[in-house]
Every structure is written in C-alpha cells, then in structure tokens.
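Visitor: Would you be able to build a 3D model of this:
(chains A and B)
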Amino acid sequence: MSLSVFIFYLLSGIILTFSVLSITTRRILRAAVYLLFVLVATAGLYFMLKYEFMAAVQLTLYAGGIVVLIIFSILLTHHISHRFKRPELMNLLMGIGVTVIGSGVVLATILTHPFKASTAPELPVDMSVIGNQLLSIGKNGYVLPFELISILLLAAMIAAIIVAKKDKNKNSEI
Amino acid sequence: MIEGIGIEHFLVVSTLMFFIGICGFIIRRNLITMLMSVELILNSVNINFLVFNRYLYPDQMQGHFFSLFIVGIAAAEASVAIALIINIYRNLNNIDVENVSEMKY
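Guide: Predicted coordinates for the structure are as follows:
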C-alpha cells in the first residue's frame, strides 16, 4: 500500500467519522468543531487531487470563515453547557431510512457505471491559468458567473446587515 | 489522477457524506445544526465536481470553477442565514424550527 493510498483512506475515515459525530453529538459547540475537522480533511483531499488553489480557498473560506461565523452565532444564541434533547423516534427513523435508501441507490449506480478515466494530458492548475480563465470573455471564459456572483455577494452582504440590524423604533428586550 | 485510487473511492466518500448531511438535516431540530448539515451537503458536492474534473476531463477546468462558485454561494448563504437566526433569537429567545412559524405578524 503506497503512501498516497494510505493518506486517502486516512482522510476518508476522518471525513466520515467526524461528519457522523457532527450530526449526532448533543453539544452544539462540539458539532461545530467536528464540522471544522471535516472541512480540513476535505481540503486535504483537494491537495491530493492537485487543486492547490481550491484547497487554499477551502481552508480560508470554509474552515476560517464559515466555521468562525457559526461558532460566533452559537455563542450568541446558546449557553455553553446546553445539551439537546434526543431526537424524536419518528424523525430518527425517517432520517435513517432516507439515508439508507438514498445512499443504496446512489452507490449501486456509481459502482455499476463504467467510468472511463481520461488519458488526456493534465492541465496545470496554477494561479495564472485560473486568473486568465476566470476573467476571460473568449472560449472557456467565466466572466459572466464571476460578475453574477459578485452581485450576489453584494446583495447578501446588504441583506445580512439589514436583517441583523437592531430596530431603533422597536424596543426589544435583548 | 492518483495511482492506486479509482474514481469510485472518491465518489463513495462524497455520497456517504452527502447522505449523512441529509440525515442531519432531517433529525436535527435546531437552525444552526441544520445549517451545518447544509454545509456538509455542499462540501460533498464540491468533492464530486473536483473529482470528475480531475479524472474524466483533466484538460479542462469546468469542475474547478463551479466548485469555486459553490464556495462563494455557501458563504453568502451562511451569512444571510446567520443574520436571520440572530434576528429570530431576538424575537423568540430560542432557535428551534418548531417555533419559527410564530414569527408571522
């Protein structure tokens, strides 16, 4: 067993274990930390696939940004010692049933479909290629989704500020 | 592609992660943990895009760019959702999904 295979199985084990723990733990702060482990292990998978830029984005945006945002909102809305009560039996059965049936169908499809790995030469994914393609308007250019997502991020930022702002006329209790 | 690891290995991992996220979305009753399940789902889809790009079309970059855009959209979604959650907490003092219908005026 070569080293890369071993690292792949290690990262997959970390991802699956901590995603299960993240949805079953009864302390919410621990769930956020387990989610952080899942995201970091996913960045490791991206490094294995040789998408270094994507792995860096994953580490900074997801592991650095979104998890910190989630932890802040947990600290604003929960006591540290708060524990969830157990999920209702009906919900638990429904969730596990959907998971088993859905993953069974999808795994059967994946494992029977013959994927032909391409033998084309690999395009080096470095920063100059990414930057050129992201802002090019020619063939293989992605300037339209780039502009769309910039407008979307502006709208999301304004919406988040306006929604979370305290209303001055209404005197809320907190 | 990586020596010794087929494309199916990655796809099995991302499929299991996707359905773990869906399971968490169904069994949790708290808005923040449901948001974390959504992050799991988006992340598994990201793995799928990158693996298909690397194994099946290594001379193109569609999967790379789409996963980049998915990360951006996930950030926007998380920020708006957390703003809404904090607003709900101000009005109701807890953030269980059963109580959210009380936000109607």
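
Visitor: With adjacent residues omitted, what lies nearest to the residue in chain A that chain B sits nearest to?
Guide: Closest residue of chain A to chain B, Cβ to the nearest Cβ: residue A:23 (3.1 Å). C-beta: built from backbone N, CA, C; applies to glycine. Spatial nearest neighbour of residue A:23, excluding adjacent residues (Cβ to Cβ, 6 or more residues apart in numbering or on different chains): residue B:24 at 3.1 Å.

Visitor: can you pull the pLDDT of that neighbour?
Guide: Looking at residue B:24, its pLDDT reads 92.

Visitor: Three-state assignment for it, please.
Guide: Classification of residue B:24 using DSSP: H, G, I helix; E, B strand; the rest coil returns helix.

Visitor: for the residue of chain A closest to chain B, what are its contacts?
Guide: Applying Cβ atoms under 8 Å, 6 or more residues apart in numbering or on different chains, we find residue A:23 in contact with A:31, B:20-21, B:23-24, B:27-28, B:33, B:36-37, B:40.

Visitor: Check the burial of residue 72 by counting its neighbours.
Guide: Using chain A here. 13 (other Cβ atoms under 10 Å in any protein chain shown).

Visitor: should've been chain B
Guide: Using other Cβ under 10 Å, residue B:72 is surrounded by 18 other residues.

Visitor: Go through the host helix or strand of it and flag the buried ones.
Guide: Assigned by DSSP states H and E, residue B:72 belongs to helix B:62-92. Within helix B:62-92, the residues that count as buried by 16 or more other Cβ atoms under 10 Å in any protein chain shown are B:63-72, B:74-90.

Visitor: helices or strands up against that helix?
Guide: helix A:52-57, helix A:67-77, helix A:127-134, helix A:143-164, helix B:31-56 (3 or more Cβ pairs under 8 Å, 6 or more residues apart in numbering or on different chains; DSSP states H and E).

Visitor: again, 6 Å this time
Guide: Using 3 or more Cβ pairs under 6 Å, 6 or more residues apart in numbering or on different chains; DSSP states H and E, the elements in contact with helix B:62-92 are helix A:67-77, helix A:143-164, helix B:31-56.

Visitor: any idea which of these is most buried?
Guide: Mean neighbour count (mean count of other Cβ atoms under 10 Å in any protein chain shown) peaks for helix B:31-56 among those, with a mean of 22.

Visitor: Run the contact check for stretch A:144-161 versus chain B.
Guide: Yes: using Cβ under 6 Å from any Cβ of the partner chain, stretch A:144-161 reaches chain B at A:145, A:149, A:152-153, A:156, A:159-160.
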